[in-house]
Structures are given as C-alpha cells and as structure tokens.
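Visitor: Okay, structure incoming, though there's no sequence with it:
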C-alpha cells in the first residue's frame with residue numbers, strides 16, 4: 001500500500017533535514033482555498049518560484065525533491081489561481097490564498113482515481129490510525 005493510501009502513521013520527521021541538505025534557499029509555503037479557507041498544500045517556495053507565481057498569477061512551488069520549479073497543474077490541469085499572497089511576521093514563510101481550477105490540488109488520487117481536493121484528507125485517531133475524511 002502506498003504512503004498516500006495508508007492508514008498507518010508514518011510521519012517523516014527528517015523532511016526539513018533533507019530539505020536543508022539540498023542547500024535550496026527556500027521557505028515554507030501554505031496554500032489555502034480563498035473561498036473555503038481549507039488548507040490544500042504545504043510546500044516550499046524560493047525567489048524564482050515566487051517571481052514566477054507573481055508573473056503568471058498561478059501557484060508555482062520549488063520542488064525540493066527534484067530541485068526544480070513545480071508549476072502546480074502544468075500536467076494535470078489542476079492549476080491554482082493566486083488571489084492573495086500573505087507574508088508571516090518573521091518573513092520566513094508565505095501563504096497563498098488561491099482559487100482552484102480543476103478537480104483537486106493534491107497529487108494523490110482517491111479511490112476513483114481523481115485528484116484529491118486537499119493533501120489533508122486523513123485525520124489522526126486516538127489509536128494512531130489515520131482515518132480518511
């Protein structure tokens with residue numbers, strides 16, 4: 001069973017260490033639906049991705065795994081139109097409020113093969129089991 005469909009809690013507490021090891025100059029990015037306020041994605045953005053986002057009006061992230069720009073929806077069509085960009089108090093993370101264009105924001109698919117609306121589609125039970133929403 002893939003990590004995306006698992007009900008087992010397997011949190012990756014090494015993610016930030018691995019991001020740091022890439023020497024990518026990036027900051028965390030939260031992407032939230034402008035209308036519903038549902039959190040869709042948490043990722044990373046660097047200066048190039050932010051500039052690309054501002055120029056195109058669509059969410060572009062920095063893929064720390066691949067070391068390249070990730071234009072959300074470039075292949076799937078599930079693009080995210082940026083309505084507002086917010087900066088936190090310490091200027092070390094961003095929040096994009098977006099309007100989704102497509103079927104879902106997450107790369108993970110549901111049981112019908114459709115993109116999930118949000119990457120946050122499971123909740124943690126008291127028994128450490130993940131439950132699908």
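Guide: Arrived safely. A quick note: this is a predicted structure, and the numbers were derived from the prediction, not measured.

Visitor: Which residue ranges of this protein form strands?
Guide: Counting by DSSP state E, the chain has strands at residues 27-33, 39-45, 60-63, 68-71, 79-87, 94-101, 122-124, 130-132.

Visitor: right, and these - which one's nearest residue 113?
Guide: Residue 113 sits nearest to strand 130-132 of all the strands of the chain, at 15.3 Å, using Cβ to Cβ. Placement of C-beta: from N, CA and C, glycine included.

Visitor: Let me know which of the strands of the chain is tucked in deepest.
Guide: Highest mean neighbour count of these: strand 60-63, a mean of 22 (counted as mean count of other Cβ atoms under 10 Å).

Visitor: tell me the contacts of the residue most central in space within the chain?
Guide: The residue lying closest to the centre of the chain (Cα atoms, centre = their mean) is residue 41, at 2.6 Å. Residues near residue 41 by Cβ atoms under 8 Å, 6 or more residues apart in numbering: 29, 30, 31, 61, 72, 105, 106, 118, 119.

Visitor: now the third one: how far from residue 81?
Guide: Taking Cβ to Cβ, to the nearest Å as the criterion, residue 31 is separated from residue 81 by 11 Å.

Visitor: tell me, what's touching the two both at once?
Guide: residue 98.

Visitor: which other residues reach stretch 90-98?
Guide: Residues from elsewhere that reach stretch 90-98 (Cβ under 8 Å, 6+ apart): 27-34, 40, 45, 50, 53, 59, 80-88.

Visitor: So which helix or strand of this structure has the lowest pLDDT on average?
Guide: helix 15-21 (a mean of 89; mean pLDDT, DSSP states H and E).

Visitor: Return the set of buried residues in it.
Guide: residue 19 (16 or more other Cβ atoms under 10 Å).

Visitor: what residues does it touch?
Guide: Residues outside helix 15-21 that contact it (Cβ under 8 Å, 6+ apart) are 26, 44, 64.

Visitor: From those, pick the one nearest residue 124.
Guide: residue 44 (23.4 Å).
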